[in-house]
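Student: Below is the sequence, then the predicted model.
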Amino acid sequence: MEKQPYPPEILFIEHNAGMHWRLQRKLPMSNVRQIRSALRAMIILYVLMIVTISPTMIVFGQQQIPFDRLMLTYYSETTQILQERTGIHASWWTTLLFHNVSATSSKMDINVNGTITQNNKQQDENFSLTVDFPTNQDTLVYLRNGGQGNLTIYAGPPELTIPSFPGLTVNLTRSWNLHDKPLIRTPLGAFSGYRYHTGIKSIRLPSGDTLDLDFYASYEMKSQVLMAGEVWATLNGSSAMIAQTEIRAANVFSGQANPSSSQCLIATATYGSALAPQVQFLRDFRDQKLDNTFAGYSFMIAFNLWYYSFSPAIAGTIHLSPQLQSMMQILLYPVITILQLSARVFDVFSFQPELAAVLAGLVATGLLGVVYLWIPSIMIGRRFKSEIKRALKPLVTILGAATIALAGSEIFGNSLLAVASSVVLVLANLLFFAALPGIFPNPDSLVHRFTRKQRA
């Protein structure tokens, strides 16, 4: 019987001069070209993403704060301990309205309505004025560079010094240090924030004593708008909070979901507590990283709509069954590990948060596609390999188009486009990696061809 040439993709055994047997696999050139084309397309995609997203996000990454007609309303009040020790109590509402906003400055209308009570005598304090306020630097009302360890914060010209309590004013245009990153709870909801601190020491009082004052200002991470403030006084070694401020109304959050207040329901039910390390990691990754970027926040809007459509029912079932909890812990272990790796990717590229969010998302969805979908993909590929191969090229095209659309949404601040393009990018990337086994030859087919050849 005439021997047939080995098909190019079969497994074959090579016997070399050293009398060693080596099992090798050769891929057909068409498959090699497909792999090279896919890898080349992915490299071009990532380069395109870096080129298009990274430079634009420096200017257009988030909604500009302040924007024209931004309105913020705060309620401030001195504490009971101040009234007990000085006989002074003050409370006031402050409304700030920004208009004529430019890249460097804006007009800010200030309206204050309040009362001061001293020795049982109450006096109204109401006034309105309009001032020029900068838009190109960190200010007491909003930040531009929140999260850095040290900031010089502008708190107004000398005539607008901030009263710490009646009869004593201090100029807060000075250096502030990042104190911590708390969850800020306000009447508008709970927000991940930056809390900054500055202190003024040894203030001479008429009595001859010296007073130390510590100021804390908390800013919402995404908008970097002032959410709350505290003033602490230290006199003769005793410290107490003497005044506090919190936001009561703001049109900057209108129509926006507050992902920070949502819960990781399935993870909480699986691990038995919202304080479990795995749940805290998921919450922090969402709140501290993804939600603080335009791309990540946009995707989370769509994800939350999908996730919370079914998670309460599933979480309730898991909570009632210890067996399901154990099973879900096994199923979620790869998810937690993959997201931890994605968080590290985010940290590596944290110098450009928008790029970091997109890369972290692509790494996460790609690995999830590999871990959870490769087995069914291989099984399906045995029968529909040619269809899967044909689908890969459109998927790469969709990935590129979604990347460009996401970059465009960043440039023009289009939230709807950002939500749609981020979802398409994530799903296309997930499907692309899930479909990769369709590129490779079927192992069963290779073994069958090898066996047939040996028999021939």
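Tutor: Noted; the coordinates are in hand. Numbers count the residues shown, from 1 in each chain.
Student: what helices or strands is the longest helix along the chain leaning on?
Tutor: Longest helix in the chain, counting residues (DSSP state H): helix 353-412. Packing contacts for helix 353-412, counted by 3 or more CB pairs under 8 Å, 6 or more residues apart in numbering; DSSP states H and E, involve helix 29-60, helix 294-307, helix 322-348, helix 415-435. Glycine gets a C-beta too; all of them are placed from N, C-alpha and C.
Student: residues touching residue 218, list them.
Tutor: Residues in contact with residue 218 (CB atoms under 8 Å, 6 or more residues apart in numbering) are 182, 184, 193-196, 226-229.
Student: Out of these, flag the one nearest to residue 92.
Tutor: Using CB to CB, residue 229 comes nearest to residue 92 of these, at 13.0 Å.
Student: Work out for me the element the closest one sits within.
Tutor: Assigned by DSSP states H and E, residue 229 falls within strand 226-235.
Student: any idea of the mean pLDDT in that strand?
Tutor: Computed over strand 226-235, the mean pLDDT rounds to 91.
Student: Identify all contacting residues around that strand.
Tutor: The contact list for strand 226-235 (CB under 8 Å, 6+ apart) reads 72, 74, 76, 82, 140-142, 164-165, 184, 186, 191, 193, 209, 211-220, 239-247.
Student: Run through the stretch 301-450 of the chain and note the low-pLDDT ranges.
Tutor: 381-385, 387-388, 438-450 (pLDDT under 70).
Student: Ok, the stretch 151-300 of the chain next?
Tutor: For the stretch 151-300 of the chain, the ranges with pLDDT under 70 are 157-169, 206-207, 253-263.
Student: residues touching the nearest residue to residue 143 once chain neighbours are set aside, list them.
Tutor: Nearest residue to residue 143, sequence neighbours excluded (CB to CB, 6 or more residues apart in numbering): residue 224, at 4.0 Å. Contacts for residue 224 (CB under 8 Å, 6+ apart) come out as 65, 142-144, 146, 194.
Student: picking up where we left off before, off-centre distance for the strand holding residue 229?
Tutor: With CA atoms, centre = their mean, to the nearest Å as the basis, strand 226-235 stands 28 Å off its chain's centre.
Student: any idea whether the residue nearest the centre of the chain is helix, strand or coil?
Tutor: Residue closest to the average C-alpha location in the chain (CA atoms, centre = their mean): residue 290, at 1.9 Å. At residue 290 the chain is in helix, as set by DSSP: H, G, I helix; E, B strand; the rest coil.
Student: what's the distance between residue 380 and residue 390?
Tutor: Distance, residue 380 to residue 390, by CB to CB, to the nearest Å: 14 Å.
Student: And these two? Which one has more around it.
Tutor: residue 380 (17 against 11; other CB atoms under 10 Å).
Student: Give me the below-cutoff pLDDT ranges for the stretch 1-150 of the chain.
Tutor: Low-confidence segments of the stretch 1-150 of the chain (pLDDT under 70): 1-63.
Student: Nice, that's everything, thank you.
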